[in-house]
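Enquirer: sequence-free structure coming up:
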C-alpha cells in the first residue's frame, strides 16, 4: 500500500506530532501560568493540526508517483536562504536584534524575487517592529535593540 519513502515520511510526521504533544503536556505540568504557555499552546496546536492534515492527505493519496516527482524538484533559492539564515545568526552576535532582523528580511525578500522597494522596506520594518515588541514587551525577553 505505501512505498518505503512514504512510510518514513509518515513516521517522521507522527514523531513530530508526538513530540509536540509531549512538550505541551510537559509544559502544562511544569506551570499552568499564561505567560509560560502563551507560545507553547499555539505552536503545539498548529503543529498537531498541520501534521494531522499531512498524515490524512498522505494516507488518502492514491497517486504516490506525483509525490516523488515533487520531491525531485528543489527550488534553487533554498541553499541561499539557508546560508542567509546562518549569516543572520552570526550577525546577531555583532549587531542588535532589530538591525539583524531587518537586514535578514530585506535580503530574503530580494532572494525570493520581490523587486518593489516599498514592499521590501515596509514589510521588513513592520515585521521587525512586531518581533521586537513581542519579544521585549509581551514575553519580556531581554534582546539588545538599537532603541534600548
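Expert: Here it is on my side, so go on. From a predicted model like this one, the values you see are computed outputs, not experimental measurements. Numbering: from 1, shown residues only.
Enquirer: the spatially most central residue of the chain in helix, strand or coil?
Expert: In the chain, the centroid-proximal residue (C-alpha atoms, centre = their mean) is residue 43; its distance is 10.0 Å. What DSSP: H, G, I helix; E, B strand; the rest coil gives for residue 43 is helix.
Enquirer: contacts only, for it.
Expert: By C-beta atoms under 8 Å, 6 or more residues apart in numbering, the residues touching residue 43 are residue 20. All C-beta spots, glycine's among them, are computed from the backbone N, C-alpha and C.
Enquirer: where does this structure have its least confident helix or strand?
Expert: The element with the least model confidence among the helices and strands of the chain, by mean pLDDT, DSSP states H and E, is helix 64-72, at a mean of 53.
Enquirer: what is the mean pLDDT for stretch 34-53?
Expert: Here stretch 34-53 scores 88 as its mean pLDDT.
Enquirer: show me which residues of that stretch are buried.
Expert: Within stretch 34-53, the residues that qualify as buried by neighbour count (16 or more other C-beta atoms under 10 Å) are 37, 40, 44, 47-48, 51.
Enquirer: residue 74: how many residues sit nearby?
Expert: Using other C-beta atoms under 10 Å, residue 74 has 9 neighbouring residues.
Enquirer: and if you look at residue 80?
Expert: Residue 80: 14 surrounding residues under other C-beta under 10 Å.
Enquirer: tell me which element it falls in.
Expert: Secondary-structure assignment from DSSP states H and E places residue 80 in helix 78-91.
Enquirer: packing partners of that helix?
Expert: Using 3 or more C-beta pairs under 8 Å, 6 or more residues apart in numbering; DSSP states H and E as the contact definition, the elements that helix 78-91 packs against are helix 97-111.
Enquirer: list the buried ones in the helix it packs on?
Expert: Across helix 97-111, burial judged by 16+ other C-beta under 10 Å covers 97-109.
Enquirer: and residue 90, what is it in contact with?
Expert: With C-beta under 8 Å, 6+ apart as the criterion, no residue contacts residue 90.
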